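# Fold the following, please.
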Amino acid sequence: MKILCPEMQKVQAVPPVHHSRGVALQWLLMISVLLLTVGRTSAQTTWNLVWSDEFNGVKGTIPSSSDWNFVQTGTPPNGEAEHYCSPAPLPTDPTVAGCDVTKPNIYEDGNGNLVILMENRNGIWTSGRMNTGIPKGATTTKHEFTYGRMEARIKLPVGAGFWPAWWMLGSNHDTIGWPTCGEQDIMEWRNGYGPSTTSSTVHGPGYSGGAGIGSRFTFPNGGRIDDANYHTYGVVWSQNKMQFYRDDPTKPYFTVTPASIPAGDQWVFNHPFYLILNFAIGGAFGGAINNPPNPSMMLVDYVRVYEPGVGPPAAPTGLKAVAGNNQVSLSWTASSGASTYNVKRTLTSGMNYALVASGVTATSFTDTTASNGTTYFYVVSAQNSAGESPNSNEVSATPTTGPPPVAIAINAGGPAVSPFAADMDFAGGTTINHANTINLTGVTNPAPMQVYQTARVGSFTYTIPGFIAGSSHTVRLHFAETFWTAAGKRRFNVSINGTQVLTNFDIFAAAGAMNKATIQQFTGNANASGQYVIQFTAVTDKSLVSGIEVQ
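The predicted structure follows:
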C-alpha cells in the first residue's frame, strides 16, 4: 500500500502494484510466531489463533488504542486526495481540515464490522488509516509479527479513484527506511482492476514502487469485492516464502520466494512486520477521481493472525516408481511437517499394504527385495511426533532385466497438456501465459502449441526424481521468446546436475525470431539420488523455459 513520502509518486507497473514508503509513525512489538514451513500449498496445516480484533463493539465504538494507532495528517501521501482523520486525535496531532471527532472516519458499526469511512466534506476527502506498530512518540509496541497466517475479512466499495488496502510494513522502517524495511501488500484495489479483481504485491530494495513483484486475482463465478458475504484476503508467511490467497488459505494464488526477486537484490522479509488498514483515494495508483459514491465505507469483519499448530504431516505427493532388475526405485515430493517416511507395498491394488521400510529420511527409496516379473503396488506415508499421515497416491512397477522405461514431460508454468504433465518439481520462479501463435516448423518433435504458451520465468530449479542412479537419459528443453523482439535482451545459463550446458543462452538468437520454438537437447546421467537437477540462472532479464522432457 502506501506511505507518506512526497517523492514516492511513481506510476504503477502492470501487472502488480505500487508505491509506498513510511509514514512518520513506525512502530513495533513482538508476538513471536512459530516458524512455518509450508510446501506447495498450506493444505493440512493446522492453525492456532494468536491475535485478532473481531470489531464487536457497540455502535460508534473506536477500535482499542491498545491494539491500534490512528493516523492524522492533512498532507496526502503518494499524490492522493484524502486527509486521514484519527477518531480520537492526540493533543500533539495537527488540526486537519475536514476532520471532526464527532463524525469519526474510523469506528465500529455495532454489527461486528470496523468501518473506514471515505467522505467528502466541503470539498475535502476524509478517510482513515490505522496500524498495529509503534505509536507516535512511544517506545513500546502494540503488535508485530514474524511469520504466520494474516487474514482479514473485508467488503470493499467500488468507485473511480478508490484505493483501499490491507498490508504489512517492516517494523524496522524508522531505522533503515523504505523499501529496505520490506512491504507486503496482502490486498489492494483500484478502479482499473474492475469490481472482481484485487492484487497482492511485495516491495524491497531494487523491486519497489512500479517494479514491485505482484499478481492479480479475479474472483470466479462473477464474485465481486463488494459481495454481501465479503471475502477473506490473506497471506501464509514463512521463512523465505509468502503465499497470498483469497478465501481459501489452502489454495494460494501467488507465491513469492527469494528466487522471485531480481538477481543480486536483497530479500527483506525474515523479520517482524506490523499490520495496516487504510482507505485512500486518487494518486498515481488510485487514479482519477470520477464521482465515486460519497460517502463510502470499507467494512472489515475481522483481522486475525494465526501460528501453525502441531499435527500429523500432510500425505506425500507425486509418488513415482521406476522398475529395474530385481528392484523398484521410488521417489516423492517432501511432505510438510514430516520427520520420516514409511514405504509400503502390496500385490493387490488398494489393499493389504505391508511395511517395506520405516524411518526413511530421504524422499526416495529403492526396494531391493522385489522380484522380476512381479507387479508391485506402492504407497508412502509421512510421520512426525504427532502421528502418521494418510497414504500417498498409489503407483505400480514390474521389475525386469531390461532397461527401465522412463519418459517424463513437464509443461513448465502451465497445466497438463497431453503428453506433458502440469508444472511440478520446481523451486523458485514465477509463471507467465499468453495466446501468441508459436512457429513450430524449425524443430523436430515439438511440444503441443499450448506448452509454448506458458513458461516458468526468473531464476529457478527443477529437481526431477524417479530415475535409476547413474542411468543415461536425454533432456530436451523447449523454449519460445514471446516478449523480446531482438537478440541480446534475454540471456541465461542452464546447468544439469551441476554441469553447465547453456551459457548466456539467448532464445531469440537460437530460434532466429520471436514466437518461434527452439529445442536444446542434452544427454547425461541421473545423479546418485536418481534425479535430474536442472538449474536456470538469469544473466540479462529472466530465465525462461516452456517445457522439459527427460527420455
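# Phi first, then psi, for Ser260.
The phi/psi pair for Ser260 (degrees, to the nearest 10) reads phi -80, psi -20.
# hang on, it packs against Ala427?
No. In this structure, Ser260 is not within contact of Ala427 by CB atoms under 8 Å, at 11.0 Å. All C-beta spots, glycine's among them, are computed from the backbone N, C-alpha and C.
# neighbour-wise, which of these two wins?
Neighbour count, other CB atoms under 10 Å: between Ser260 and Ala427, Ser260 has more, with 22 against 12.
# Model confidence at the more buried one, what's the number?
pLDDT recorded at Ser260 is 96.
# Tell me where the stretch 301-450 of the chain has helices.
Taking DSSP state H, counting those that start in this stretch, the helices of the stretch 301-450 of the chain run over residues 449-452.
# Any regions of it where pLDDT drops low?
For the stretch 301-450 of the chain, applying pLDDT under 70 flags the ranges 310, 402-406.
# swap the cut-off to 50 and go again
Scanning the stretch 301-450 of the chain for pLDDT under 50 picks out 403-404.
# which stretches of it form strands?
Counting by DSSP state E, counting those that start in this stretch, the stretch 301-450 of the chain has strands at residues 317-324, 327-333, 340-346, 354-360, 364-367, 376-384, 387-388, 395-397, 408-411, 421-422, 426-427, 430-433.
# likewise the stretch 451-551 of the chain?
454-458, 460-464, 472-480, 491-496, 499-505, 517-525, 532-540, 543-545, 547-550.
# Tabulate the strands of the stretch 301-450 of the chain in JSON lines, adding columns for distance to Val451.
Putting the strands of the stretch 301-450 of the chain into JSON lines (distance: least, CB to CB, whole Å) gives the following:
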{"stretch": "strand 317-324", "distance to Val451": "20"}
{"stretch": "strand 327-333", "distance to Val451": "22"}
{"stretch": "strand 340-346", "distance to Val451": "32"}
{"stretch": "strand 354-360", "distance to Val451": "34"}
{"stretch": "strand 364-367", "distance to Val451": "27"}
{"stretch": "strand 376-384", "distance to Val451": "29"}
{"stretch": "strand 387-388", "distance to Val451": "38"}
{"stretch": "strand 395-397", "distance to Val451": "25"}
{"stretch": "strand 408-411", "distance to Val451": "5"}
{"stretch": "strand 421-422", "distance to Val451": "11"}
{"stretch": "strand 426-427", "distance to Val451": "15"}
{"stretch": "strand 430-433", "distance to Val451": "11"}
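# Let me know which of the ones you listed is the nearest to Thr61.
strand 430-433 (42.6 Å; CB to CB).
# Tell me how far Asn350 lies from Asp185.
For residue 350 the amino acid is Gly, not Asn. 46 Å (CB to CB, to the nearest Å).
# meant to ask about Gln383
Taking CB to CB, one finds Gln383 at 38 Å from Asp185.
# Ser472 now?
Taking CB to CB, one finds Ser472 at 48 Å from Asp185.
# neighbour count winner among the two?
Each of Ser472 and Asp185 has its neighbours counted (other CB under 10 Å); Asp185 has more, 28 against 11.
# what's the helix or strand for the more buried one?
Assessed by DSSP states H and E, Asp185 sits inside strand 183-188.
# Can you give the strand pairings for that strand, parallel or anti for each?
Strand pairing for strand 183-188, using DSSP bridges, gives strand 162-170 (antiparallel), strand 197-203 (antiparallel).
# contacting residues around the shortest one?
When you say that, I think you mean strand 197-203. Contact partners of strand 197-203, identified using CB atoms under 8 Å, 6 or more residues apart in numbering, comprise 15-20, 178-179, 182-189, 193, 209, 212-219, 225, 233, 235, 242, 244, 246, 254, 256, 269.
# Buried among the residues you listed? Need that as a selection in ChimeraX.
Listed next is the ChimeraX selection for buried residues among the contacts of strand 197-203, using 16 or more other CB atoms under 10 Å:
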select :16,17,18,19,20,178,179,182,183,184,185,186,187,188,189,193,209,212,213,214,215,216,217,219,225,233,235,242,244,246,254,256,269
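# Now, the contacts of strand 197-203 that are in helices?
Among those, no member is found in helices (DSSP state H).
# Can you classify Ala284 as helix, strand or coil?
helix (DSSP: H, G, I helix; E, B strand; the rest coil).
# so how far is Asn445 from it?
Distance from Ala284 to Asn445, by CB to CB: 49 Å.
# same question, Asp100
Distance of Asp100 to Asn445, given as CB to CB: 72 Å.
# what's the answer for Arg121, then?
Plainly put, Arg121 is 68 Å away from Asn445 if you go by CB to CB.
# more crowded one of these two?
More crowded of Arg121 and Asn445, by other CB under 10 Å: Arg121, with 17 against 10.
# Excluding chain neighbours, give the residue nearest to the more buried one in space.
Excluding the flanking residues, the one nearest Arg121 by CB to CB, 6 or more residues apart in numbering is Gly98, at 4.6 Å.
# wait, isn't that neighbour in contact with Leu117?
No. Using CB under 8 Å, Gly98 makes no contact with Leu117, being 11.6 Å away.
# who touches both of those two?
With CB under 8 Å, 6+ apart, Gly98 and Leu117 have common neighbours Thr126.
# Can you name the residues that contact Met449?
Thr437, Ile438, Leu440.
# Just the closest of these to Glu144, please.
Ile438 (48.3 Å).
# ok, the residue lying closest to the closest one once chain neighbours are set aside - how many residues close by?
Nearest residue to Ile438 in three dimensions, chain neighbours excluded: Tyr452, at 4.2 Å (CB to CB, 6+ apart). Tyr452 sits with 27 neighbouring residues when counted by other CB under 10 Å.
# In contact with Tyr452, which residues?
Applying CB under 8 Å, 6+ apart, we find Tyr452 in contact with Ile438, Leu440, Pro446, His478, Ala480, Thr482, Ala517, Ser546, Gly547.
# out of those, which is most surrounded?
Going by other CB under 10 Å, Ala480 tops the contacts of Tyr452 with 31 neighbours.
# Surely that one and Ile507 touch.
Yes. At 6.9 Å, Ala480 and Ile507 qualify as touching, with contact defined as CB under 8 Å.
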